[in-house]
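> when you get a sec, could you give me coordinates for this:
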Amino acid sequence: FPASALMVVFGLYPLYKAIETSLYKKNAATRKLVFDPDHNWTKVFFDDRVWNALYNTLFYTGVALTFQLVLGMLIALLLDSDRKGYGLMRAMMTLPLVIPPSVTAMMFLLMLNGSFGVLAQGLIGLGLLPPGYPILGNASTAMAGVLLAEIWQWTPFMVLIMLAGLRSLPKEPFEAAAIDGATPIQAFFKLTLPMMSKVIAIAVLIRGIDLMRAFDYVKVMTDSGPGTATETMTSYAGRIYFGNADFPYASTISLLTLLLVIITTTLFMRFFKVNL
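Okay, here's the model as predicted:
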């Protein structure tokens with residue numbers, strides 16, 4: 001009963017209210033909600049900002065997921081050892097995960113400041129950026145700055161999952177491969193990756209769902225700017241909800257994001273045969 005009650009209160013009821021609210025439209029003159037079932041759902045498909053936010057969301061998800069997966073696997077391979085001190089290093093990988101995302105976003109907002117930010121000054125010192133360059137204030141680099149914070153904080157999550165998978169692999173196949181003269185690279189591609197495929201798929205699924213609803217870093221670091229360069233589906237819905245108080249349209253965008261997550265998750269699970 002407690003589990004069912006939590007599901008109803010925090011899952012089903014909010015979903016029901018979002019669906020119900022999306023069937024209304026806001027009257028700009030009276031500020032009242034008028035029942036109009038197809039208004040918001042028609043509007044959302046002809047809204048250029050929705051398509052821009054969808055592109056940014058998919059780009060954000062794809063880039064962050066790729067970097068986190070590759071870096072997570074590489075770091076996990078380095079830490080997969082029983083030598084002295086490696087246990088402490090594995091434990092330290094959890095430190096970025098305990099920092100609230102909004103705090104991480106504020107840290108990187110300061111570090112990427114073109115006037116005094118340590119990361120910005122480092123790039124300027126290397127000659128990669130001109131003096132005073134506003135990384136988060138330029139449309140061509142703002143998304144990269146936000147992604148940097150995302151990748152830094154959540155790569156350790158991938159490391160921990162990959163480490164758990166690596167530590168559970170049987171040693172006999174690797175010993176036999178070494179006797180047969182296989183190189184470490186050959187053993188990785190022929191043995192490690194195939195045996196880790198389910199673990200990798202689950203890690204990608206979990207992180208992919210979380211990345212599709214990215215909000216914290218975008219809100220704190222750029223507020224979807226400059227312009228709409230870093231605007232994602234959730235940040236656009238938040239701007240409409242809190243900025244315009246257009247609850248029906250914000251609910252519609254949120255439901256559209258939920259549908260995209262459900263569709264992509266279902267296709268991914270069927271393609272890679274992942275069972276949760």
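> and the strands in the protein?
Here the chain has its strands, by DSSP state E, at 24-26, 33-35.
> deepest of those strands, which one?
strand 24-26 (a mean of 20; mean count of other C-beta atoms under 10 Å). C-beta: built from backbone N, CA, C; applies to glycine.
> do you know the pLDDT at the residue positioned nearest the centre of the chain?
Closest to where the C-alpha atoms of the chain average out (C-alpha atoms, centre = their mean) is residue 211, at 2.1 Å. Residue 211 carries a pLDDT value of 95.
> ok, for it, nearest residue in space, not its chain neighbours?
Once flanking residues are discounted, residue 211 sits nearest to residue 61: 4.2 Å by C-beta to C-beta, 6 or more residues apart in numbering.
> equivalent analysis for residue 59, please.
Of all residues not flanking residue 59 in the chain, residue 143 sits nearest, at 7.3 Å (C-beta to C-beta, 6+ apart).
> residues in contact with that neighbour?
The contact partners of residue 143, taken as C-beta atoms under 8 Å, 6 or more residues apart in numbering, are 56, 59-60, 229-230.
> run a quick neighbour tally on residue 174.
17 (other C-beta atoms under 10 Å).
> tell me the helices and strands packed up against the helix ranked longest in the chain.
Using DSSP state H, we find that the single longest helix of the chain is helix 48-79. Helices and strands touching helix 48-79, by 3 or more C-beta pairs under 8 Å, 6 or more residues apart in numbering; DSSP states H and E, are helix 86-92, helix 142-167, helix 197-212, helix 233-239, helix 247-272.
> which parts of that helix are buried?
Judged by neighbour count (16 or more other C-beta atoms under 10 Å), helix 48-79 contains these buried residues: 50, 52-54, 56-58, 60-61, 63-65, 67-69, 71-73, 75-77, 79.
> angle of that helix against helix 142-167?
Orientation check (axes from the mean of the first three to the mean of the last three C-alpha atoms, to 10 degrees): helix 48-79 against helix 142-167 gives 40 degrees.
> gap between helix 48-79 and the chain center?
From the chain centre to the centre of helix 48-79 is a distance of 7 Å (C-alpha atoms, centre = their mean, to the nearest Å).
> now that helix: average pLDDT?
Helix 48-79 comes out at a mean pLDDT of 96.
> again, but for stretch 257-264
93.
> what do you get for stretch 30-38?
Across stretch 30-38, the average pLDDT comes to 87.
> how long is it end to end?
20 Å (C-alpha to C-alpha, to the nearest Å).
> tell me how far residue 255 lies from residue 14.
Distance of residue 255 to residue 14, given as C-beta to C-beta, to the nearest Å: 11 Å.
> looking at these two, which one has more neighbours?
Taking neighbours as other C-beta under 10 Å, residue 255 and residue 14 compare with residue 255 leading, 19 against 12.
> who touches that one in this structure?
Neighbouring residues of residue 255 by C-beta under 8 Å, 6+ apart: 18-19, 22.
> for it, give its distance to residue 20.
In terms of C-beta to C-beta, residue 255 sits 11 Å off from residue 20.
> go on, residue 3?
Counting by C-beta to C-beta, the gap from residue 3 to residue 20 is 25 Å.
> which one of these two has more residues nearby?
residue 20 (11 against 7).
> can you check the pLDDT for the more buried one?
94.
> over to residue 4?
Looking at residue 4, its pLDDT stands at 89.
> so where's the chain shaky on pLDDT?
Residues of the chain meeting the criterion pLDDT under 70: 275-276.
> that older thread, from the contacts of residue 143, pick the one nearest residue 161.
residue 60 (20.5 Å; C-beta to C-beta).
> ok, that closest one - contacts?
Neighbour list for residue 60: 143, 146-147, 150, 211, 214, 232 [criterion: C-beta under 8 Å, 6+ apart].
> run the last query once more with 7 Å
Residues near residue 60 by C-beta atoms under 7 Å, 6 or more residues apart in numbering: 147, 211, 214, 232.
> residue 75 and residue 159 touch, don't they?
Yes: using C-beta atoms under 7 Å, residue 75 is in contact with residue 159, at 4.8 Å.
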